[in-house]
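Student: The following comprises the amino acid sequence and a computationally predicted model.
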There are 2 protein chains.
Amino acid sequence: MVEPGDRQRATTVADVARRAGVSKATAARALGDYGAVSDSVRERVQAAAEDLDYRPNELARSMNTGRSKTIGVIVGDIENGYFGLAMRGISDTAKAAGYDVILINTSENVQTEIDAVRVLLDKRVDGLIVAPASSFHIEHLRRVDDSGRPLVLLDRRVPGLEAVSVEVDIAPSASDATAALLDAGHTRIAFVSALQTEGEGYSDRLQLRVSSVTDRLAGIVSALRSRGIEPSADLIRFGALGPERTRAITGELLELEDPPTAILASDSLIALDVLRTLRDRGLRVPDDLSFVMFDDFDWAALTDPPLTVVAQPIYDVGVAAATILLRRLAGLPHDDVRARLPATLVLRDSVGPVPVRA
Amino acid sequence: MVEPGDRQRATTVADVARRAGVSKATAARALGDYGAVSDSVRERVQAAAEDLDYRPNELARSMNTGRSKTIGVIVGDIENGYFGLAMRGISDTAKAAGYDVILINTSENVQTEIDAVRVLLDKRVDGLIVAPASSFHIEHLRRVDDSGRPLVLLDRRVPGLEAVSVEVDIAPSASDATAALLDAGHTRIAFVSALQTEGEGYSDRLQLRVSSVTDRLAGIVSALRSRGIEPSADLIRFGALGPERTRAITGELLELEDPPTAILASDSLIALDVLRTLRDRGLRVPDDLSFVMFDDFDWAALTDPPLTVVAQPIYDVGVAAATILLRRLAGLPHDDVRARLPATLVLRDSVGPVPVRA
DNA sequence: TTGTAGGCGTTATCAT
DNA sequence: ATGATAACGCCTACAA
């Protein structure tokens, strides 16, 4: 009688071999179909395997092939639609090549990321795709290279690390978005990001730890300066980590002596909280305040008003990252894979003229 | 010299043992800290391990412990915010217990699901969480039980399968939503779901292959009947698989001789496409048509108009599923874990009175 | 074409 | 407390 917890021993090649009346090696060859096996034996072995409901133990297989047919993915927040979509791109691509995906969520926490890399390396994944939480703490990423396994960076590049990164070329679109705001007459333009920095303020040579945010800011600042406007430190805000922080920051922005007339939200999570704060305060977009969001999702066209956004080809970023990784795994060149994808400004109705001050 | 692809041999217990001047067995004991080891030896071994930057090979470890500290998760669509959030719940819970997660996406395709189960079992995951694409094809799920590894069903139950399922008790809320519509005077109420069925129509004893959809429908139908209204087959539509199909179905609904005055969307993906179709046709919610969506997300309060929804505790569903699985893995009871979580109707502004026909 | 034997890196069981 | 030595389940020379 089989007890519920009893995980009865799975059947092995040895079992199949015995039943087929051949040696372990022959059975293994027939099953893995490599080497040379006579047709009659092959059939006999396969029939035996069928009968016994044989399934290979991939762990054992991995142990001496050295490859696990598994790639590890480390992202900051799978709940964020951005990474959800990228994950889908990675997952689809990996599956098509016979690879599986282990996903680890770091909550954008560096220590968690360090542990995640360690665990995945210990589990002997064949390669890693990482959206690094910080470009300052990268020893653990170096470790990946040392281990001889390929690493592809997702959405963020890390200077000083010899790893391919697949990113969205977002600075130009950030400029475009800012220009659209400037064209509408805005000069007090705010930017709100979740990124944690030393302080929450902005200084000119602030070093940001996430390149995709750096790029957004670079695009914004360059557009500003090209019109002779110096970025104002009090309008560039970081640390919008959760709903509470984001609402607080938005509140502070609105209560400034010279408040912004337009806000750029660094991602959709932040956008939602900023918009809710505005609504709760009875402020209307774009009448009282103009608004632009980075990232586009289906719902962005259905809000009141439809949102002007910077759309990113996120799914494709995932596909490209996985493709490059798989190519490296196969020892193939990957120079032809586009690793820098274009973003586009999508004009909808959340940008309007500067309101006349009361 | 080390070639780029050269994956240099990782250091093993044997290496550590040699350097510490002890036997393999002793080194293993010191590292895994089990058995008895003298303090001096332990220190020596640990120092050696440190020096050599030793990392255990989890594959080898899994091979003779029989446990991989990994659980497999199979869902229909990770890109859907619903599963994204559930995944986050699972992932957080698993990580806290020292488990990792392998994720496989099936695109709600049964064959893919069958393959996924096979692969995960072959990879020797310790347990499985599955949102089964169909309650009709379940032999592969039976296999999981046969393998002795625990299985927890996510969001959907499968009659005839002895597996715990964690679900949202959605029928009551579906009734509430329908009642709200009825109270507003609607009698022609449509329901649009992505579920693939034999035909796309509805008949009274239609067997649906996803329990969470069955439950939605049951709630709707019972509310209807309690007011003496028979569900109308032409208003209950399935097969809204992608944007195109959903738009087509919505169009057909609107062109009915006696079109619906209210629509219930089975999930947020469908809701978005239905709403876009309405907007493209110049129809306004709730003036021309009332609307209710299953699932609540932050953006649902910011659309025009804010959407009346059935909110589900999705993150908690994920947490509960993982908790139950982990308990079973630990041989602990799990009767105290709530496996049936309540949904709630959230009234916003997408339900209005029946428009007067032109 | 087939079989024998050894190795992959652990854990686990024996002695000592 | 420590050390041989055998599993775990598979692949892979090498030999027959």
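Tutor: Looks like it arrived, so ask away.

Student: Quick one: residues contacting the residue positioned nearest the centre of chain A.
Tutor: Residue closest to the mean C-alpha point of chain A, counted by C-alpha atoms, centre = their mean, is residue A:83 at 4.3 Å. Counting by C-beta atoms under 8 Å, 6 or more residues apart in numbering or on different chains, residue A:83 touches A:75, A:76, A:77, A:131. Heads up, the C-betas are built off the backbone N, CA and C, glycines and all.

Student: contacting residues around the second one?
Tutor: To tie it back to what came earlier, the one meant is residue A:76. Residue A:76 makes contact with A:83, A:105, A:106, A:107, A:108, A:131, A:133, according to C-beta under 8 Å, 6+ apart.

Student: Let's verify the first one: helix, strand, or coil?
Tutor: Secondary structure for residue A:83, judged by DSSP: H, G, I helix; E, B strand; the rest coil, is helix.

Student: which among the contacts of residue A:76 gets closest to DNA strand C?
Tutor: Proximity of those to DNA strand C (C-beta to the nearest atom of the strand) peaks at residue A:106, which lies at 25.2 Å.

Student: My guess is that closest one contacts residue A:75. True?
Tutor: Yes: using C-beta atoms under 8 Å, residue A:106 is in contact with residue A:75, at 7.1 Å.

Student: Which of these two has more residues huddled nearby?
Tutor: residue A:75 (27 against 23; other C-beta atoms under 10 Å in any protein chain shown).

Student: if we can go back for a sec, would CSV of the contacts of residue A:83 with distance to residue A:275, secondary structure and pLDDT be doable?
Tutor: What follows is the contacts of residue A:83, written out as CSV (distance: C-beta to C-beta, whole Å; DSSP: H, G, I helix; E, B strand; the rest coil; pLDDT from 0 to 100):
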residue, distance to residue A:275, secondary structure, pLDDT
A:75, 25, strand, 96
A:76, 22, coil, 92
A:77, 19, coil, 87
A:131, 25, coil, 97
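
Student: which residues of chain A score low on pLDDT?
Tutor: A:1-8, A:199-201, A:357-358 (pLDDT under 70).

Student: Leaving out chain neighbours, which residue sits closest to the residue lying farthest from the centre of it?
Tutor: In chain A, the residue that sits farthest from the middle, by C-alpha atoms, centre = their mean, is residue A:21; the gap is 51.2 Å. Spatial nearest neighbour of residue A:21, excluding adjacent residues (C-beta to C-beta, 6 or more residues apart in numbering or on different chains): residue A:44 at 7.4 Å.

Student: Would you agree that neighbour is in contact with residue A:16?
Tutor: No: here residue A:44 does not reach residue A:16: they are 9.9 Å apart, not a contact under C-beta under 8 Å.

Student: So which residues of the stretch 201-350 of chain A form strands?
Tutor: Remark: strands assigned in the stretch 201-350 of chain A by DSSP state E, counting those that start in this stretch are A:236-237, A:262-265, A:290-294, A:308-311, A:340-342, A:344-346.

Student: In the stretch 201-350 of chain A, what residue lies closest to DNA strand C?
Tutor: residue A:329 (18.9 Å).

Student: picking up where we left off before, could you dump the contacts of residue A:76 into CSV with secondary structure and distance to DNA strand D added?
Tutor: Formatted as CSV, the contacts of residue A:76 follow (DSSP: H, G, I helix; E, B strand; the rest coil; distance: C-beta to the nearest atom of the strand, whole Å):
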residue, secondary structure, distance to DNA strand D
A:83, helix, 34
A:105, strand, 31
A:106, coil, 32
A:107, coil, 35
A:108, coil, 38
A:131, coil, 33
A:133, coil, 36
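
Student: Could you pick out the buried ones from these?
Tutor: For these, a burial check counting by 16 or more other C-beta atoms under 10 Å in any protein chain shown picks out A:83, A:105, A:106, A:107, A:108, A:131, A:133.

Student: which of the residues you listed lies closest to residue A:96?
Tutor: residue A:83 (20.1 Å; C-beta to C-beta).

Student: show me what contacts residue A:296?
Tutor: A:309, A:310, A:311, A:312, A:346.

Student: ok, now how distant is residue A:219 from residue A:193?
Tutor: Here residue A:219 is placed at a distance of 13 Å from residue A:193 (C-beta to C-beta, to the nearest Å).

Student: Mind checking which of those two has more residues around it?
Tutor: Just comparing residue A:219 and residue A:193: by other C-beta under 10 Å the higher neighbour count belongs to residue A:193, 27 against 24.

Student: okay but that one is in contact with residue A:240, surely?
Tutor: Yes: the pair residue A:193 / residue A:240 is scored as a contact, 6.3 Å apart, by C-beta under 8 Å.

Student: hey, what's in contact with both of the two?
Tutor: In terms of C-beta under 8 Å, 6+ apart, residue A:193 and residue A:240 are both contacted by the residues A:266, A:270.

Student: Residue A:44 and residue A:16: who's more crowded?
Tutor: residue A:16 (25 against 20).

Student: Backbone torsions only: list them for the more buried one.
Tutor: phi -60, psi -50 (degrees, to the nearest 10).

Student: ok, back up a step: and the two most separated of the contacts of residue A:83?
Tutor: For the contacts of residue A:83, the maximum inter-member distance is 9.4 Å, found between A:77 and A:131 (C-beta to C-beta).

Student: list the contacts for the residue of the stretch 201-350 of chain A closest to DNA strand C?
Tutor: Per C-beta under 8 Å, 6+ apart, neighbours of residue A:329: A:126, A:127, A:150.

Student: if you compare the strands of the stretch 201-350 of chain A, which one is most tucked away?
Tutor: Mean neighbours per residue, mean count of other C-beta atoms under 10 Å in any protein chain shown, is largest over the strands of the stretch 201-350 of chain A for strand A:262-265, with a mean of 29.

Student: And that one, what does it pack against?
Tutor: Packing partners of strand A:262-265 (3 or more C-beta pairs under 8 Å, 6 or more residues apart in numbering or on different chains; DSSP states H and E): helix A:171-183, strand A:189-192, helix A:268-280, strand A:290-294.

Student: Would you mark the buried spots in the shortest one?
Tutor: Same thing as strand A:189-192. Taking 16+ other C-beta under 10 Å as the criterion, strand A:189-192 shows A:189, A:190, A:191, A:192 as buried.

Student: and the helix or strand where residue A:111 lies, is it in reach of DNA strand C?
Tutor: Here residue A:111, judged by DSSP states H and E, is contained in helix A:110-122. No: Helix A:110-122 lies out of reach of DNA strand C by C-beta under 7 Å from any atom of the strand, never closer than 8.7 Å.

Student: Which positions in that helix come out as buried?
Tutor: A:110, A:112, A:113, A:114, A:116, A:117, A:119, A:120, A:121.
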